[in-house]
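Participant: got a predicted model here, sequence first, then my questions.
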Amino acid sequence: MKKNRFFPLALIAVAVFAGCSSMPQSATLDEARSKYSDAQANPQVTKLAPVELKEAGEALDRANAAQSKREDRNVVDNLAYLAKQKIAIAQETAKRKSAELAVANAASERNRVLLQARTIEADQARQQAAIAQQGTDQKTAELAVANAVTERQRLNLEARTAEAGQAQQQAALAHASAEQDKARLEALQTQLNDLHAKKTARGMVITLGDVLFDTNKAQLKSGSMRNVQKLADFLRQYQQRKVLIEGFTDSTGSNSRNQALSEQRANAVRTALIDMGTSSDRIGTRGYGESYPIAGNNNAAGRQLNRRVEIVLSDEGGNIAPR
């Protein structure tokens, strides 16, 4: 028997996870597994939303992997919550596509009934013309006309019923589309929250502090890759988005050194994103040296805040507002 290609590796390991009594369990992850199982068992979802279901499975895999590596409970819960939202997207996508099919079928049925009604009307007109011309038995013709009138009335009623059904299906489609949009927005917001993105006049901005780099260095620390990987995962899921990576320094050192260092740090993040699968044409970089400080440079705490990389996310059209 052909295996379901949407069955994630994570679910294969559910029994293993359940048997590890020493491993802290996440109720959110358990719920995500259950919801995914329900979605996978729904033929409407597997048929009408295969791409969305695959993405949900991948999100669940990441949550299961985090738990198997004994990562922090909050990390596991956040990944599991995102998986639940991806599952909801798959379910709502299936409902929307099912509603679209129902609307199309209702419209076809209405058109069929209206065509029949017009055919009956044409027959009625011909029969009435025959009566007027006395070219046929009058009683037979009158009976045929009466039958045609009755049939036309029946078809008109059927057409009105079909129109009402079409209106109901259109309302269901509108509701399903709204729920799908809601699920997508919630999933997007969850990922933006996980990236600690903040809304600014230029759009959503992610700030990476100097903990990513050693002092006066442009090489990313190994421990900073997780944050960059989160951004790469986000960009993989939202292909229409682009990013502008901006590097900044404090005022320590010469202007030329600070300018070069800010550019090198921005490029280091860009290189990491490319290595993680992000297309280079979606990533821009700028270095601003010690310009645009967000704190004073007269103390260590302020200088640390100024040594940063900011990542500006584009809108859905790939547009980024200039600084």
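Facilitator: Sure, I can see it. Just so you know, these numbers come straight off a predicted model, no measurement behind them.
Participant: which phi and psi does the residue positioned nearest the centre of the chain have?
Facilitator: The C-alpha lying nearest the average C-alpha coordinate of the chain belongs to Arg184 (C-alpha atoms, centre = their mean; 4.2 Å). Main-chain torsions, Arg184, degrees, to the nearest 10: phi -70, psi -40.
Participant: pretty sure it contacts Lys86?
Facilitator: No - using C-beta atoms under 8 Å, Arg184 is not in contact with Lys86, being 9.6 Å away. To be clear about C-beta, it is placed using only N, CA and C from the backbone, and glycine gets the same treatment.
Participant: which residues touch the residue nearest to the centre of the chain?
Facilitator: If you count contacts by C-beta atoms under 8 Å, 6 or more residues apart in numbering, Arg184 has them with Ile89.
Participant: isn't Leu79 up against Ala63?
Facilitator: Yes - Leu79 is within contact range of Ala63, at 3.8 Å (criterion: C-beta under 8 Å).
Participant: common neighbours of those two, please.
Facilitator: Among the neighbours of Leu79, those also in contact with Ala63 (C-beta under 8 Å, 6+ apart) are Leu29.
Participant: show me the contacts for Met204.
Facilitator: Leu192, Ala197, Lys198, Val312, Leu313.
Participant: sitting in strands, which of those do you find?
Facilitator: Lys198, Val312, Leu313 (DSSP state E).
Participant: these into TSV, with extra columns for pLDDT, neighbour count and distance to Thr278?
Facilitator: TSV is the format used below for the ones in strands among the contacts of Met204 (pLDDT from 0 to 100; neighbours: other C-beta atoms under 10 Å; distance: C-beta to C-beta, whole Å):
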residue	pLDDT	neighbour count	distance to Thr278
Lys198	89	12	21
Val312	93	22	15
Leu313	92	21	13
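Participant: just put the residues you listed in JSON lines and tack on distance to Ala174.
Facilitator: Below are those laid out as JSON lines (distance: C-beta to C-beta, whole Å):
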{"residue": "Lys198", "distance to Ala174": "33"}
{"residue": "Val312", "distance to Ala174": "34"}
{"residue": "Leu313", "distance to Ala174": "29"}
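Participant: closest one of these to Asp233?
Facilitator: The nearest member of the ones in strands among the contacts of Met204 to Asp233, counting by C-beta to C-beta, is Leu313 at 13.5 Å.
Participant: for Glu71, see how far away that closest one is.
Facilitator: 25 Å (C-beta to C-beta, to the nearest Å).
Participant: what of Thr285?
Facilitator: Counting by C-beta to C-beta - Thr285 and Glu71 are separated by 30 Å.
Participant: next one: Asp315
Facilitator: 32 Å.
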